[in-house]
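K.L.:
got a predicted model here, sequence first, then my questions.
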Amino acid sequence: MIPACSVLLDLDGTLIDSQPGILASCLAALRALGHEPDETLDIRGAIGPPLEDMMQILLQSYGDDRVGEAVAAYRQHYGESGLLGSVPYPGIGKSLEEMKRTGLRIYLATSKRAIFASRILDHLKFATYFDGICGSVPSGELDHKPELLAHILSKHSLSPSHSLMVGDRRYDISGAHAVGMRGLGVLWGYGTRDELETAGADQLVESTADLARTVLSMVSGKQSVR
């Protein structure tokens, strides 16, 4: 019996443009620690890794090492209002619908807290497309993509060879390869073509209009191209 094919999708930079809400919560966190951040702070390059890593990057310029306090302040603001500052990339809803219609099993794999991710998908009316929503947890054990993806594969009894990770940053690609999965890089998010190619993305997709077709061609066993 051939295992069911599955696709694991990143959230920020892949399904949604969450930069406005993340920026607002980053600014709120920095202010909570007594800093006066520039309202035009560029955080694109910091979106994607675990939140602790992102806050550490932002605090470096202030010579501040209070990462734990910054993370707590960020999550408070994000839970109250920041998470609603996310919009789906044009065509993503249609892509999810197309993938679901083919019988593909769809899972969310995000470094964002699972509870926030669920609220965002509910808010955008995307939750019904997913067979599982997985994200980081308070214990911190699923903060990094390799551990998160291994957890999803194990929890849902998925075959790595019949599963595909889709994301916009090198963490998604390297995480996929670490657990024996292929990685599809999307070019509309926060990572660059060079970043994804350097990470060894098995294939790249330029438009959300081509996402479902590309995913289906890869999981159905057709040859992928670097």
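P.N.:
Now that the structure is in, tell me what you want to look at. Numbering: from 1, shown residues only.
K.L.:
pLDDT weak spots in the chain?
P.N.:
Residues of the chain meeting the criterion pLDDT under 70: 1-3, 221-226.
K.L.:
quick one: the helices in it, in order.
P.N.:
For the chain, applying DSSP state H gives helices covering 19-32, 51-60, 67-80, 92-101, 114-123, 145-155, 170-178, 193-198, 211-219.
K.L.:
just say which of those is most tucked in.
P.N.:
Highest mean neighbour count among the helices of the chain (mean count of other CB atoms under 10 Å): helix 170-178, with a mean of 23. Where C-beta positions appear, they are placed from N, C-alpha and C, glycine not excepted.
K.L.:
so that helix versus helix 51-60, what angle?
P.N.:
Counting by axes from the mean of the first three to the mean of the last three CA atoms, to 10 degrees, helix 170-178 lies at 140 degrees to helix 51-60.
K.L.:
which residue packs closest to residue 170, ignoring adjacent ones?
P.N.:
Distances taken as CB to CB, 6 or more residues apart in numbering place residue 199 nearest to residue 170, at 3.7 Å, with adjacent residues excluded.
K.L.:
quick one: contacts for the one you found?
P.N.:
Residue 199 makes contact with 170, 173, 174, 183, 185, according to CB atoms under 8 Å, 6 or more residues apart in numbering.
K.L.:
longest strand of this protein?
P.N.:
strand 105-113 (DSSP state E).
K.L.:
partners of it in the sheet?
P.N.:
Its sheet considered, strand 105-113 pairs with strand 6-9 (parallel), strand 132-136 (parallel) by DSSP bridges.
K.L.:
most packed of those?
P.N.:
On a mean-neighbour basis (criterion: mean count of other CB under 10 Å), the most buried of the strands paired with strand 105-113 is strand 6-9, at a mean of 26.
K.L.:
now do that strand: distance to the chain's middle.
P.N.:
Mean C-alpha position of strand 6-9 versus that of the full chain (CA atoms, centre = their mean, to the nearest Å) differs by 11 Å.
K.L.:
contact partners of that strand?
P.N.:
Strand 6-9 is contacted from outside by 15, 99, 104-109, 131, 149, 152, 156, 158-159, 162-167, 176, 181, 215, 219, using CB under 8 Å, 6+ apart.
K.L.:
show me which of those residues are buried.
P.N.:
Buried by 16 or more other CB atoms under 10 Å: 15, 99, 104-109, 149, 152, 156, 158, 162-167, 176, 181, 215, 219, out of the contacts of strand 6-9.
K.L.:
what residues are up against residue 134?
P.N.:
107, 108, 109, 110, 114, 142, 148, 151, 152, 155.
K.L.:
so which of the strands paired with strand 105-113 gets nearest residue 91?
P.N.:
Between residue 91 and the strands paired with strand 105-113, the tightest spacing by CB to CB is seen for strand 6-9, at 14.0 Å.
K.L.:
which residues touch the closest residue to residue 100 other than its chain neighbours?
P.N.:
Nearest residue to residue 100, sequence neighbours excluded (CB to CB, 6+ apart): residue 129, at 5.1 Å. Residue 129 makes contacts with 96, 97, 99, 100, 106, as judged by CB under 8 Å, 6+ apart.
K.L.:
got it, and residue 56?
P.N.:
Contacts of residue 56 (CB under 8 Å, 6+ apart): residue 67.
K.L.:
look up how far residue 66 lies from it.
P.N.:
Look at residue 56 and residue 66: by CB to CB, to the nearest Å, they are 10 Å apart.
K.L.:
which stretch among the helices of the chain comes nearest residue 135?
P.N.:
Closest to residue 135 of the helices of the chain is helix 114-123 (CB to CB; 3.5 Å).
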